[in-house]
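Student: Build me a model from this:
(chains A and B)
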Amino acid sequence: MTDADELRRRTRELLAQHPPASTDRLDFLRARFDAGLAWVHYPEGLGGLGAPRSLQGVVDAELAAAGAPDNDPRRIGIGLGMAAPTILKYGTEEQRRRYLRPLWTGEEVWCQLFSEPGAGSDLAALGTRAVREGEDWVVNGQKVWTSSAHLARWAILIARTDPDVPKHQGITYFVCDMTDPGVEVRPLRQITGEAEFNEVFLTDVRIPDSRRLGEVGDGWRVAQTTLNNERVAIGGMALPREGGMIGPVAKTWRERPELRTHDLHQRLLKLWVEAEVARFTGERLRQQLAVGQPGPEGAGMKLAFARLNQEISGLEVELRGAEGLAYDDWTMRRPELVDFTGRDAGYRYLRSKGNSIEGGTSEVLLNIVAERVLGLPAEPRTDKDVAWKDLAR
Amino acid sequence: MTDLLYSEEEEALRAAVRDLLTDHCAAADVLARGESDTPHDRALWKLLAEGMGLAGLLVPEEQGGQGATHREAAVVLEELGRAVAPVPFLTSAVVATEALLGCADRELLGQLASGRTIGALAVGLHTAPGAGTETVRVENGTLHGELRGIADAAVADVLLVPADDGGLYAVAADAVTVTPQVSLDLTRPLATVTLAGAAGRRVGDAGPAVRRALRAAAGLLASEQLGVADWALAETVRYLKERKQFNRPVGGFQALKHRLAQLWLEVVHLRAAARAAADALSSGADTEVSVAVAQAYAAPVAVRVTEEALQLHGGIGMTWEHPVHLYLKRAKADSIAYGTAGAHREALAALVDLQGP
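Tutor: Predicted coordinates:
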């Protein structure tokens, strides 16, 4: 077992051999990966040392203190948070070796080709078809809500390989080359005016069978690894007091006494309390995880986060009164990073509307809490034993 | 950072209290007792206070107590709330005890810690920390006046009475007249205390002692509210899995599932808020904000969960026989006890610099 002292020793050795001040950023990141210090809980040879995940902080602290570059994790969140754990769990040795290193260093950006216009909450109903032709699969269909598709080298893709069996059984999971000539990426402009996301049209895209992850027809199970990691990524950041959406509105309140009304005051205080309690709840969840007792609380964090962001930013627009009638900029842009608390109140208000839709709608999450946490009966289903091709659409 | 978890010792304490309450505090008995002349369960109190030593949790060992902290007291209150137990733990072992800890009176503190003497702070249950309190007059060395809304006074052996000279006086219960009031919460009944020339012993200054007592009360009340809400949710989920209408378990209807899931989410948040307040009271760090946040959040949640519990039970929830009304009444009374959510939000406005217009 690799302990904290051993990790510290290895980190210092890396820093000695590749001094950050005189080493190219990418060279440093590659050397860090090869030294097993990228994600220490990954296996040796794949950027890790098989160490406990909780020890990553030891490495990160040493590297930060030495001024070492990082891999800009916010830019490659889908790769790190969703593609990597899936490749690690279901990829062949060859796939892991090919994909994980440039994924982690950020040399290759990843995106996720899951949602479709006809398959949102009911993702398993997806209709993008993959048909076997020799050593290849030929893929046709349309995906939507794809962040980073315009920057991505690779995508994780789920497609229907067997329409004659019930929907969960006929799906297969692939790695799709985003430079294939059959891949067309179009920006999807959203209510904020900008386009964080894309529509992706797949026309006769050829994917070699060697880029399949997991067994044919087992894609739904493989996708669970991806989706579980997505929800963890969306709900669980550590924040100081007033660290979230409540921060800007509290600041405005303090700086602009002329905007205050009694009605807004009561609502602000109520939301301030709820934001602080949500912060404690997130902290409690992290404390449970740290001692190895993950509670079911995680299932609910995203629900609370979505509602609070929406109510707080809505209050902020109202607080600003006449200024709340303005908007900073409707220009169609393609932001590389998404910052929910960035830009003006109007942007925050509109962007946070997506918080209760992306990564599982609040309605679906309430079902999950009711069924998996409270043990209430599942929804009656009419789609379980029906071949996908016979479903209503 | 605040420790928001339960330690192994705290979980062991919880299990012991819960076992005892399971055996000695059945809902039907609590209900029957609430209508009787002796609404408090003295036998149960003896088991908890003397048998388990819970009366002295907050008192240092060298003064005859257990030397535990607010974290343990909070766990006890969760369990007492879950059982709506009619015992004076909050009023004697927390509020009166905190008031005495704020004075320099060791003798009475030791008696309360032993559990053989029950104390009650003669301040209306509705009073928020920092709010003004009613006082009695000091005339010729004796106390005169009437104090209303005093929780658990009917079972107290000694009352801690704030007087108009700024003092806090210990007065024996047999020196005053205690008149029970018909109370919304049958399990924490109120009484009027009338002093007509009662003798009292000055134990300290009322101002700081009462403030300290009410702050601890407000902070730890959140744990009681957590217990109340947790029972109401768990019992409703259990019942809705079993209750069938339209040839299905009622709990399978999505409209109800979503309501229950929302309640669960609020109870999860309440637990974090209650733990934060208990930890802040025991560490002394960030106490005022944590207590105000917990109480501003806890009261509406406990009320909502118990109201929803009643509604989701349907007709049976409206009957005197079903215990859900005991929890609703406790939750509603708790929403006024030691300051309403609104009073705590007002306090926060000053504490975190979010002043009104």
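
Student: can you pull out the strands in the stretch 101-250 of chain B?
Tutor: According to DSSP state E, counting those that start in this stretch, the stretch 101-250 of chain B carries its strands in the segments B:119-121, B:137-139, B:142-151, B:158-162, B:167-172, B:177-180, B:190-198, B:201-205, B:244-245, B:248-249.

Student: tell me the most buried of these?
Tutor: Looking across the strands of the stretch 101-250 of chain B with neighbours counted as mean count of other CB atoms under 10 Å in any protein chain shown, the highest average goes to strand B:119-121: a mean of 29. (Glycine included, C-beta is placed from N, CA and C.)

Student: What helices and strands are in contact with that strand?
Tutor: When contacts are defined as 3 or more CB pairs under 8 Å, 6 or more residues apart in numbering or on different chains; DSSP states H and E, strand B:119-121 sits against helix B:97-101, strand B:142-151, strand B:158-162.

Student: will you turn those into JSON lines that also has mean pLDDT and distance to residue B:116?
Tutor: Listed next are the helices and strands packed on strand B:119-121 as JSON lines, based on pLDDT from 0 to 100; distance: least, CB to CB, whole Å:
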{"stretch": "helix B:97-101", "mean pLDDT": "97", "distance to residue B:116": "14"}
{"stretch": "strand B:142-151", "mean pLDDT": "98", "distance to residue B:116": "20"}
{"stretch": "strand B:158-162", "mean pLDDT": "98", "distance to residue B:116": "11"}
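
Student: for these, which one sits closest to residue A:72?
Tutor: helix B:97-101 (51.9 Å; CB to CB).

Student: May I see the buried residues of the closest one?
Tutor: Judged by neighbour count using 16 or more other CB atoms under 10 Å in any protein chain shown, the buried positions of helix B:97-101 are B:97-101.

Student: From the chain's centroid, how far away is it?
Tutor: Between the centre of helix B:97-101 and the centre of its chain there are 15 Å (CA atoms, centre = their mean, to the nearest Å).

Student: what about dumping the CA coordinates of it to CSV?
Tutor: What follows is helix B:97-101, C-alpha atoms only, in CSV (Å, rounded to 0.1, in the frame of the first residue of the first chain):
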residue,chain,number,x,y,z
THR,B,97,-29.3,23.8,33.8
GLU,B,98,-27.8,26.3,31.3
ALA,B,99,-29.2,29.2,33.3
LEU,B,100,-27.5,27.9,36.4
LEU,B,101,-24.2,27.2,34.5
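
Student: neighbouring contacts of that helix?
Tutor: B:55, B:58-59, B:108-109, B:112-113, B:119, B:121, B:160, B:168, B:203, B:209-210, B:212-213, B:216-217 (CB atoms under 8 Å, 6 or more residues apart in numbering or on different chains).

Student: again, only this time at 7 Å
Tutor: B:58-59, B:108-109, B:112, B:121, B:160, B:168, B:203, B:209-210, B:212-213, B:216 (CB atoms under 7 Å, 6 or more residues apart in numbering or on different chains).

Student: quick one, what contacts the residue lying closest to residue B:333 once chain neighbours are set aside?
Tutor: Here the nearest residue to residue B:333 in space, its sequence neighbours aside, is residue B:185; by CB to CB, 6 or more residues apart in numbering or on different chains that works out to 3.6 Å. The contact partners of residue B:185, by CB under 7 Å, 6+ apart, come to B:329-330, B:333.

Student: What's the ChimeraX syntax to select whichever of those are buried?
Tutor: Only the buried entries of the contacts of residue B:185 go into this ChimeraX selection, using 16+ other CB under 10 Å:
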select /B:329,330,333
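
Student: Which one (most neighbours) among the contacts of helix B:97-101?
Tutor: Neighbour counts for those were taken using other CB atoms under 10 Å in any protein chain shown; the highest belongs to residue B:121, with 33 neighbours.

Student: That one against residue B:160, yeah?
Tutor: Yes. The pair residue B:121 and residue B:160 qualifies as a contact (CB atoms under 7 Å) at a distance of 4.8 Å.

Student: between those two, what contacts are shared?
Tutor: Taking CB under 7 Å, 6+ apart as the contact criterion, the residues that touch both residue B:121 and residue B:160 are B:96, B:99.

Student: neighbours around the residue of the stretch 1-150 of chain A found nearest chain B, how many?
Tutor: Minimum separation of the stretch 1-150 of chain A from chain B (CB to the nearest CB) falls at residue A:121, amounting to 12.9 Å. Residue A:121: 13 surrounding residues under other CB under 10 Å.

Student: just residue A:12 next, same as before
Tutor: The number of residues packed near residue A:12 is 12, by other CB under 10 Å.

Student: ok, now which ones touch the nearest residue to it once chain neighbours are set aside?
Tutor: Distances taken as CB to CB, 6+ apart put residue A:62 closest to residue A:12, at 6.9 Å, once the chain neighbours are dropped. Each residue near residue A:62 by CB under 7 Å, 6+ apart is listed here: A:8, A:11-12.

Student: try it again with 10 Å
Tutor: The contact partners of residue A:62, taken as CB atoms under 10 Å, 6 or more residues apart in numbering or on different chains, are A:7-12, A:14-15, A:37, A:68.

Student: Which segments of chain B make up each domain?
Tutor: In the domain annotation for chain B, the residue ranges read B:8-90+B:100-117, B:208-351 (automatic domain parsing).

Student: Same question for chain A.
Tutor: Listed domain ranges for chain A are A:4-70, A:110-217, A:236-356 (source: automatic domain parsing).

Student: So which of these is the most surrounded?
Tutor: Each of the domains of chain A was given a mean neighbour count from mean count of other CB under 10 Å, and the largest, a mean of 19, is that of domain A:110-217.

Student: roughly how far is it from the heart of the chain?
Tutor: Taking CA atoms, centre = their mean, one finds domain A:110-217 lying 17 Å from the centre of the chain it belongs to.

Student: quick one: low-confidence ranges for the stretch 151-300 of chain A?
Tutor: Across the stretch 151-300 of chain A, the stretches falling below the confidence threshold (pLDDT under 70) are A:229-237.

Student: which ones are touching the residue sitting furthest away from the middle of chain A?
Tutor: Outermost residue of chain A with respect to the C-alpha centroid, by CA atoms, centre = their mean, is residue A:258; its distance is 40.0 Å. For residue A:258, the contact set (CB under 10 Å, 6+ apart) comprises A:321, B:357.

Student: Could you measure from it over to residue A:252?
Tutor: Applying CB to CB, to the nearest Å, one obtains 11 Å for the distance of residue A:258 from residue A:252.

Student: Nice, that's everything, thank you.
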